[in-house]
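Trainee: predicted model and sequence below, questions to follow.
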Amino acid sequence: MSEKETKEITVNEKLLALYKLQVIDSKIDELRRLRGDTPLKVKDIEDEIIGLKTRKENIENEINILSEQVSEKKNIIKDAKEKLKKYAEQQNKVRNNREFEAISKQIEYEELEIQLSDKRIKEYSAQIKEKEESLAIVDNDILEKDADFSSAKSELDGIVVETEKDEQHLKDVRTSIEEKIEKRLLKAYLRIRKGVHNGLAVVPIHREACGGCFNKIAPQRQIDVASHRKIIVCEFCGRILVDDEIVTNVEEDVKDMNINLWED
């Protein structure tokens, strides 16, 4: 756009373009928020599934370790019983009390090994049973979360397809509007928009108050806004103010573009 063409644009046209740009940007923000919440939901469920699978893996590792310890104790019992059999045979061949007592101590030691191993096997088996119950709960939780993930992912895919198409259409419209706004004014609009929490840089006067910060607008300032002689900003928040006439004209214009900017 040439400098000459820029100067020929009236304040009224500038306000119309700015407010139209604002409602388009607000709709784009809305679509991104809609799409933004669902990916977070999907990511949270995915993280939960990863956590549950890690927990499952840890429990399975603990069960394997306990099972190995049970096997180890069973081998100790087997070896001890073989030694007891051997010692019993040796006892029948002893030649003095000293040898008999030495073998008796070995027999006593092996019997204690068997008792202690039996005790440990019962403890490990109880722990295995407890962990298997925990594993069953985790498996069930994973199944439920997998179902939740599939549902949320399907919802997200649908939203992405729908919103990306709508957003691209709005971006195309936005580009055509942006080209009609002089760079200095567009830069100011973007600066204000970036500085406010809700992204509203251009707002209507509603019930004699700023539509952005809701502070009361002085009567004379309301008259200045409605006159369209110059661009007026809110003295409290710095947003650009527009009157009902601009709002109505923009609403009719965007309806002609088949853009649904407002919820029913």
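Mentor: It's in.
Trainee: use CA for all of it now, contacts and neighbours both
Mentor: Noted.
Trainee: helix or strand right after the helix or strand encompassing Arg35?
Mentor: In this assignment (DSSP states H and E), Arg35 forms part of helix 11-91. Scanning forward in sequence from helix 11-91 by DSSP H and E, the next helix or strand is helix 97-178.
Trainee: that next one packs against which elements?
Mentor: Here helix 97-178 touches helix 11-91, going by 3 or more C-alpha pairs under 8 Å, 6 or more residues apart in numbering; DSSP states H and E.
Trainee: picking that back up, next one: the helix holding Arg35 to chain centre, how far?
Mentor: 15 Å (C-alpha atoms, centre = their mean, to the nearest Å).
Trainee: stretch 114-126 too?
Mentor: Taking the mean of its C-alpha atoms, stretch 114-126 sits 46 Å from the chain's own mean (C-alpha atoms, centre = their mean).
Trainee: residue most distant from the centroid, the protein?
Mentor: Arg95 (80.7 Å; C-alpha atoms, centre = their mean).
Trainee: distance of that one from Leu84?
Mentor: Per C-alpha to C-alpha, to the nearest Å, Arg95 is found 19 Å from Leu84.
Trainee: one more: Leu112?
Mentor: Per C-alpha to C-alpha, Leu112 is found 11 Å from Leu84.
Trainee: have a look at these two and say which one is more surrounded.
Mentor: Each of Leu112 and Leu84 has its neighbours counted (other C-alpha atoms under 10 Å); Leu84 has more, 20 against 13.
Trainee: so what's that one closest to, chain neighbours aside?
Mentor: Residue nearest to Leu84 in three dimensions, not counting chain neighbours: Ile107, with 5.8 Å by C-alpha to C-alpha, 6 or more residues apart in numbering.
Trainee: ok, that neighbour touching Tyr87?
Mentor: Yes: look at Ile107 against Tyr87 with C-alpha atoms under 8 Å: they come within range, at 6.6 Å.
Trainee: which one's more surrounded, these two?
Mentor: Comparing Ile107 with Tyr87 by other C-alpha under 10 Å, the one with more neighbours is Ile107, at 21 against 18.
Trainee: what's near enough to touch the more buried one?
Mentor: Contact analysis of Ile107 by C-alpha atoms under 8 Å, 6 or more residues apart in numbering lists 83-84, 87.
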